[in-house]
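Asks: Return atomic coordinates for the entry below.
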Amino acid sequence: MVTYDSSGGSIPDAPAPSFLARTVFNTGHKVIGLRYLWLALGSVLLGMILSLLMRIHLVWPGAQIPFLSGFDGIPERYAALTMLHGSLMVFFVLTTAPQAGFGNYFLPLQIGAREMAFPELNLFSFWATAASLVGITAAFFVRPDAGVTLWTASVALFCFAALLTAINFTVTTVDLRAKGLTLPRMPLTVWAWFINAILSMLIFSILLAACVFLLSDRLLGSQFFSPLTFLAQQPVAIAQTTLLYLWQRLFWFFAQAEVYVAMLPCFGIVSHLLATFSRKPVWAERAAVLALCAVGVFGFCIWGQHMFSNGLNPWSPLVFSVLASSLGLPACVLLLSWFGTLWKGKIQLNTAMLFVLGFVSLFLAGGVSGLFLSRTDLAAISVSDDFVTGHFHLVMGVAATFAILAALFFWFPKMFGRRLHEPLGKIHFWLTFAGVYCVFMPMHWLGLMAHSRTGDIYSANAPFGASLRTFVTVATILTVGAQALFLFNFVWSLWRGEKTEERNPWRATTLEWTVPSPVPVDDFGQVNPIVYRGAYEFTAQNGTSDFVSQSVATSPAERASQLKQGAEANAKEN
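Replies: Okay, here's the model as predicted:
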């Protein structure tokens, strides 16, 4: 584990690192965080192209798609395309970017540490993640049977890397906080990364074990998931079905909680940015922290919600439905905290804030449709997966992407010393915001049409349903095309963007804004930061500014006021 000399003594000059030490073997948390972000950026671009190909194939199945012209037009190829899209977006975008990307870069800065607890382990985790990306992508180009084996091995490698990353985040948060940074003073982003790391340790270990068992069955002839082991005297049909039950138990224990692995860091980012751009403390901050913890706890308890048609105990659907519906309680607490933070705030509608508000809108809309899916009767008679696809993408896919984009616009000056172009960013936001609603809201209607028993006029295969699918496809093409604005803005700003000489252009309160932009190699230099106050003090008393950084010492008047408030609270309790 990394330890620091707090004496403030001078550090002897070290020889200049070699090229490999500065590139391939660089263990700096900022370098690794940026690499995770580059990996996520490449994955999201490829994932969007794949989604566009799938939509075109669904509406115009006879169209010649250049990317797929060299492959056989068989169902296995389309299934492989869907699996590649989902793997890229879930593993390498929604899981990697908010936690491993922004978390690696800003967690040490926000807690006053100079490095992650285990830098070498952090480096290994990144290269293992990169290798798993190569393996999952290569699985698409080989025979289906060999492709499944390669995909499973690559997912196991990703789970191992994610497990190591989660351990690193947990130890860093617990052991390397700066002096004075107590748990109540931690920013909500740190809370979200910390809770998410604990959640990741538990669920990625389960999927890792399941993948290892499955590989053992495929390569070594073991019988971890063999129906013969459990039902040797039963008919073959029953044995094959039981095989699916055993795998699904382990898979859904991971997959349902994986939704919250992707969303928890986004919740922290949204709360953090809402306070910063509303110039107000987070409303009901401690309740929001407890809500984050509750989301993590409930994530373990509702995996059976996706196993409604597998012949479980008759009471199981009721239990899992009640638990799934109970997720609305912590979600409502978070929503109330966000709306309370916005209430009577001095709202700054820059691009980052627009994406945050877009996240709140999408999360609310997708969460309402999730309440319908918690009903077992609706899920059990499912004929089309359009409703589930629309709900899933609104809540996890698009909403999380909006939070990632908000974080990128917010922290871009700190990472690169330049600003993203605001007018171009706002155009990109409005095109994307309108586009995703045009894509995924009609999917809910298509899914409900499939449930209709009143006649074929409203069926998903009727002319009206076909026209709706065409509308969704056209909206997808336009929305994916709008992302070219962001790509141009990102690349242009890296080289020609407006430079930010000041350390704190957003007038934020957390510790990362006390160091120069871009962040130097040694982060805080020779001085160890000390935290004196909470993370969201935007009501300064001196009249010169509307915020106070966490590293600013409390004045005698403030200390007297705090003591008076504590005495009054104790008197009320007594």
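Asks: wait, residue 420 sits on residue 411?
Replies: No - using CB atoms under 8 Å, residue 420 is not in contact with residue 411, being 10.4 Å away. No exception for glycine: its C-beta is placed from N, CA and C like everyone else's.
Asks: Common neighbours of the two, please.
Replies: Contact with both residue 420 and residue 411 is made by no residue, according to CB atoms under 8 Å, 6 or more residues apart in numbering.
Asks: Go ahead and flag the most central residue of the protein.
Replies: Nearest to the geometric centre of the chain sits residue 262, at 2.9 Å (CA atoms, centre = their mean).
Asks: Would you map the strands across this protein?
Replies: Counting by DSSP state E, the chain has no strands at all.
Asks: Which elements pack onto the longest helix seen in it?
Replies: Secondary structure of the chain read by DSSP state H shows that its longest helix is helix 236-278. Judged by 3 or more CB pairs under 8 Å, 6 or more residues apart in numbering; DSSP states H and E, helix 236-278 is in contact with helix 102-111, helix 188-219, helix 227-230, helix 285-298, helix 328-342, helix 351-373, helix 399-416.
Asks: Deepest-packed of those, please.
Replies: Counting by mean count of other CB atoms under 10 Å, helix 102-111 has the highest mean neighbour count of the helices and strands packed on helix 236-278, with a mean of 26.
Asks: Tell me the spacing between residue 531 and residue 509.
Replies: As judged by CB to CB, to the nearest Å, residue 531 and residue 509 stand 11 Å apart.
Asks: Overlap in contacts, those two.
Replies: Common contact partners of residue 531 and residue 509 (CB under 8 Å, 6+ apart): residue 550.
Asks: Looking at those two, which one has more neighbours?
Replies: The neighbour comparison of residue 531 against residue 509 (other CB atoms under 10 Å) goes to residue 509, with 25 against 22.
Asks: gap between the more buried one and residue 282?
Replies: For residue 509, the distance to residue 282 equals 11 Å [CB to CB].
Asks: Mutual contacts of those two, please.
Replies: Taking CB under 8 Å, 6+ apart as the criterion, residue 509 and residue 282 both touch residue 536.
Asks: As CSV, the helices and strands packed on helix 236-278 with distance to residue 146 and mean pLDDT would be great.
Replies: CSV is the format used below for those (distance: least, CB to CB, whole Å; pLDDT from 0 to 100):
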stretch, distance to residue 146, mean pLDDT
helix 102-111, 34, 96
helix 188-219, 10, 94
helix 227-230, 23, 54
helix 285-298, 37, 93
helix 328-342, 42, 94
helix 351-373, 35, 90
helix 399-416, 32, 96
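Asks: how about JSON lines for the ones you listed, with distance to residue 432 added?
Replies: Shown next, in JSON lines, are the helices and strands packed on helix 236-278 (distance: least, CB to CB, whole Å):
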{"stretch": "helix 102-111", "distance to residue 432": "20"}
{"stretch": "helix 188-219", "distance to residue 432": "23"}
{"stretch": "helix 227-230", "distance to residue 432": "47"}
{"stretch": "helix 285-298", "distance to residue 432": "26"}
{"stretch": "helix 328-342", "distance to residue 432": "20"}
{"stretch": "helix 351-373", "distance to residue 432": "8"}
{"stretch": "helix 399-416", "distance to residue 432": "8"}
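Asks: quick check: mean pLDDT across the longest helix of the chain?
Replies: For helix 236-278, mean pLDDT is 82.
Asks: Centre of the chain to it, how far?
Replies: Relative to the centre of its chain, helix 236-278 is centred 11 Å away, using CA atoms, centre = their mean, to the nearest Å.
Asks: what inclination does that helix have with respect to helix 399-416?
Replies: Per axes from the mean of the first three to the mean of the last three CA atoms, to 10 degrees, the angle that helix 236-278 makes with helix 399-416 is 50 degrees.
Asks: residues touching the residue lying closest to residue 279 once chain neighbours are set aside, list them.
Replies: Ranked by CB to CB, 6 or more residues apart in numbering and with sequence neighbours excluded, the top spatial neighbour of residue 279 is residue 346, at 4.3 Å. Residues near residue 346 by CB under 8 Å, 6+ apart: 278-280, 546.
Asks: where's the nearest residue to residue 129 once chain neighbours are set aside relative to residue 120, distance?
Replies: Once flanking residues are discounted, residue 129 sits nearest to residue 161: 4.6 Å by CB to CB, 6+ apart. Relative to residue 120, residue 161 is positioned 13 Å away (criterion: CB to CB).
Asks: more crowded one of these two?
Replies: A direct count of neighbours by other CB under 10 Å for residue 161 and residue 120 places residue 161 higher, at 24 against 11.
Asks: need the contact list for that one.
Replies: Residues in contact with residue 161 (CB under 8 Å, 6+ apart) are 124-126, 128-129, 132.
Asks: and if we set it to 6 Å?
Replies: 125, 128-129 (CB atoms under 6 Å, 6 or more residues apart in numbering).
Asks: which of these has the most neighbours?
Replies: The most crowded member of these is residue 125, carrying 26 neighbours; neighbours defined as other CB under 10 Å.
Asks: How confident was the prediction at that one?
Replies: Residue 125 carries a pLDDT value of 97.
Asks: Surely it and residue 163 touch.
Replies: No - under the criterion of CB atoms under 6 Å, residue 125 is not in contact with residue 163, lying 8.7 Å apart.
Asks: where's residue 53 relative to residue 173, distance?
Replies: 41 Å.
Asks: how many neighbours does residue 350 have?
Replies: When neighbours are defined as other CB under 10 Å, residue 350 has 18 of them.
Asks: Could you measure from it over to residue 405?
Replies: According to CB to CB, residue 350 and residue 405 sit 12 Å apart.
Asks: before we move on, what about residue 389?
Replies: Counting by CB to CB, the gap from residue 389 to residue 405 is 22 Å.
Asks: how long is stretch 409-426 from one end to the other?
Replies: 11 Å (CA to CA, to the nearest Å).
Asks: Off-centre distance for that stretch?
Replies: On CA atoms, centre = their mean, the centre of stretch 409-426 falls 20 Å from the chain's centre.
Asks: rewinding a little: residue contacts, the residue nearest to the centre of the chain?
Replies: Contacts of residue 262 (CB under 6 Å, 6+ apart): 94-95, 396, 400.
Asks: who has more neighbours, residue 53 and residue 173?
Replies: Neighbour count, other CB under 10 Å: between residue 53 and residue 173, residue 173 has more, with 26 against 18.
Asks: Surely that one and residue 194 touch.
Replies: Yes - counting by CB under 6 Å, residue 173 touches residue 194, with 4.4 Å between them.
Asks: Now residue 350. Nearest residue, chain neighbours left out?
Replies: Counting by CB to CB, 6+ apart, the residue nearest residue 350 is residue 422, at 6.3 Å.
Asks: any idea how far residue 145 is from the one you found?
Replies: Counting by CB to CB, the gap from residue 422 to residue 145 is 51 Å.
Asks: ok, now residue 277?
Replies: 52 Å.
Asks: now swap in residue 181 and tell me
Replies: Separation of residue 181 from residue 145 (CB to CB): 52 Å.
Asks: Looking at those two, which is more packed in?
Replies: Legend: neighbour count by other CB under 10 Å for residue 181 and residue 145, higher for residue 181 (24 against 10).
Asks: Let me know the pLDDT of the more buried one.
Replies: Residue 181 is assigned 95 on the pLDDT scale.
Asks: Show the contacting residues for the closest residue to it other than its chain neighbours.
Replies: In this structure, residue 181 finds its nearest non-sequential neighbour in residue 531, 4.2 Å apart by CB to CB, 6+ apart. Going by CB under 6 Å, 6+ apart, residue 531 touches 178, 180-181, 185, 550.
Asks: Mark which of the residues you listed are buried, thanks.
Replies: For the contacts of residue 531, a burial check counting by 16 or more other CB atoms under 10 Å picks out 178, 181, 185, 550.
Asks: residues in contact with the third one?
Replies: Under the criterion of CB under 6 Å, 6+ apart, the contact partners of residue 185 comprise 531, 534.
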